[in-house]
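Chemist: predicted model follows, preceded by the sequence.
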Amino acid sequence: MAFLKSFLFSLFFLLLFSFSSADIRFTEIRSDDRPIIPFDEFGFTHNGRLELNVSKVSFSDSNPDYDFSKVGFFLCTRDSWLHVLQQLEDAEISCALHSDLVKHVLIFKALNGKGEYNTLYSQNDADQYTLVFANCLQQVKVSMNVRSAMYNLDGKSENRDYLSAGKTILPRVFYLFSLIYFVLAGIWIYVLYKKRLTVFRIHFFMLSVVILKALNLLCEAEDKSYIKRTGSAHGWDVLFYIFSFLKGITLFTLIVLIGTGWSFLKPYLQDKEKKVLMIVIPLQVVANIAQVVIDETGPYGQDWITWKQVFLLVDVVCCCAVLFPIVWSIKNLREAARTDGKAAVNLMKLTLFRQYYIVVICYIYFTRVVVYALETITSYKYLWTGVVAGELATLAFYMFTGFKFRPEAHNPYFVVDDEEEEAAAEALKLEDEFEL
Ligand SMILES: *[C@@H]1O[C@H](CO)[C@@H](O)[C@H](O)[C@H]1NC(C)=O
């Protein structure tokens, strides 16, 4: 438990100190000799702008003979970047800045020895671009502070929209989904009240999961709409991460608890089931830390790949771990169905748990694999489709879980007549033959 506490504290401090604003980026480059430094990616519409402010520029070696037309910033799409690499390989050009496929934003020759430069670049070809810094002077190290802001101008009023072209409707999507979850929470409270005699503790736990999900979406919507209007999150991201964290932990715990049949089938947890929770909860903490770092550093931040891998690994382990309790329950129910004479009761529970097992697998598979694939294959303009698909799958999963494990006045698991009992025993025999 001390381990868990220190984890929570480190997460808390990470949240307090490490967040940076998302879509206006400040980057400090110190004595860097990388020939190519990618900064940020953005989907422009036909009315896009890039503000670039470079200050405190200095070089490790200020020989006046250097050709500073070989140092500078440019915009480039992913496709043309591949062609540029080809050109470099074929030695058609000696520096990426000399390719006619890139759009120059700032060439350091224009600095004329000044340490500071501000520029506003208009981008009127709609596409997804990456802002890249190239330094083709070998052995010259660059230091500078860079502020980059990319946005699109909306409609006639020319309001700035700091969200990338495919993400600009996300605030509305998140508001809508958060509303749906608040309604679901209301319905659930009504159900709990109506069926208060058959309510188990797990039903209150489910309520908390739904409320946390709704709050999480609300914060995400606020976060995104602030970024959309101002280019930075103003602290909504911190709330969003806190609720994501709580939601992640409670959701996985809920899946484990339902899987074990806690409070439904039995009032206690076995040791091995507790162990699953002891694994899943700290891993969720790690996953959330990784998620924060991934979001805040952007795809070109240092260690981004490492954190992404940590996140994927931890996520996969959590997803596998939550399946074990369900498998154990199914096994116990199968055995019980054979031995304790109440075949029908057990068979119904068994069917329910099997369904749940399949639904959990589908949910995990869909939200991890299908959504990722959608985000990869769709054009930058439709990036939101992946988010919507993921949220719809999550909504379906929450609704299935709520419906199947709702409190029941006449619990079908416990009232079974003799005929059904015989039919079930028969079915069970058949099933055994099939298994063999
Ligand atoms: C950055 O550059 C833009 C474009 O020249 C300018 O309008 C803006 O005021 C600059 N911002 C800062 C913080 O210097």
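Modeler: Looks like it arrived, so ask away. Small disclaimer: the values here were computed from a predicted structure and weren't measured.

Chemist: and whichever strand or helix holds residue 331, what does it pack onto?
Modeler: In the assignment (DSSP states H and E), residue 331 maps to helix 304-339. Packed against helix 304-339 by the contact rule (3 or more C-beta pairs under 8 Å, 6 or more residues apart in numbering; DSSP states H and E) you find helix 236-260, helix 271-297, helix 343-365, helix 418-435. For every residue, glycine as well, the C-beta is placed using N, CA and C.

Chemist: what angle do it and helix 271-297 make?
Modeler: 160 degrees (axes from the mean of the first three to the mean of the last three C-alpha atoms, to 10 degrees).

Chemist: quick one: mean pLDDT for helix 304-339?
Modeler: In this model, helix 304-339 has an average pLDDT of 89.

Chemist: that older thread, buried deepest among the helices and strands packed on helix 304-339, which one?
Modeler: helix 236-260 (a mean of 22; mean count of other C-beta atoms under 10 Å).

Chemist: avg pLDDT for that one?
Modeler: 92.

Chemist: near the ligand, which residues of the chain show up?
Modeler: Contact residues (C-beta under 6 Å from any ligand atom) of the chain with the ligand: 51, 53, 118, 119, 120, 147.

Chemist: leaving aside the residues next to it on the chain, what's closest to residue 423?
Modeler: residue 344 (7.3 Å; C-beta to C-beta, 6 or more residues apart in numbering).

Chemist: oops, could you answer that again for residue 404 instead?
Modeler: residue 352 (6.3 Å).

Chemist: for the stretch 101-250 of the chain, which residue gets nearest to the ligand?
Modeler: Residue nearest to the ligand within the stretch 101-250 of the chain: residue 118 (3.3 Å; C-beta to the nearest ligand atom).

Chemist: that residue touches residue 53, doesn't it?
Modeler: Yes: at 4.8 Å, residue 118 and residue 53 qualify as touching, with contact defined as C-beta atoms under 8 Å.

Chemist: report the closest residue of the stretch 251-400 of the chain relative to the ligand.
Modeler: When distances are taken as C-beta to the nearest ligand atom, the stretch 251-400 of the chain reaches nearest to the ligand at residue 298, 19.6 Å away.

Chemist: count of residues packed around the nearest residue to that residue once chain neighbours are set aside?
Modeler: Nearest residue to residue 298 in three dimensions, chain neighbours excluded: residue 40, at 5.9 Å (C-beta to C-beta, 6+ apart). By the criterion of other C-beta atoms under 10 Å, residue 40 has 23 neighbours.

Chemist: looks to me like residue 40 is in a strand.
Modeler: Yes: under DSSP: H, G, I helix; E, B strand; the rest coil, residue 40 sits within a strand.

Chemist: report pLDDT for the closest residue to residue 95 other than its chain neighbours.
Modeler: Spatially, and ignoring its direct neighbours in sequence, residue 95 is nearest to residue 136 (3.6 Å; C-beta to C-beta, 6+ apart). Confidence at residue 136, expressed as pLDDT, is 91.

Chemist: same question for residue 175.
Modeler: On the pLDDT scale, residue 175 gets 98.

Chemist: could you measure from it over to residue 166?
Modeler: Applying C-beta to C-beta, to the nearest Å, the value for residue 175 to residue 166 is 18 Å.

Chemist: who has more neighbours, those two?
Modeler: residue 166 (20 against 17).

Chemist: whichever helix or strand residue 134 is part of pairs with which strands?
Modeler: Using DSSP H and E, residue 134 sits in strand 127-135. When sheet partners are counted by DSSP bridges, strand 127-135 sits next to strand 36-44 (antiparallel), strand 71-76 (antiparallel).
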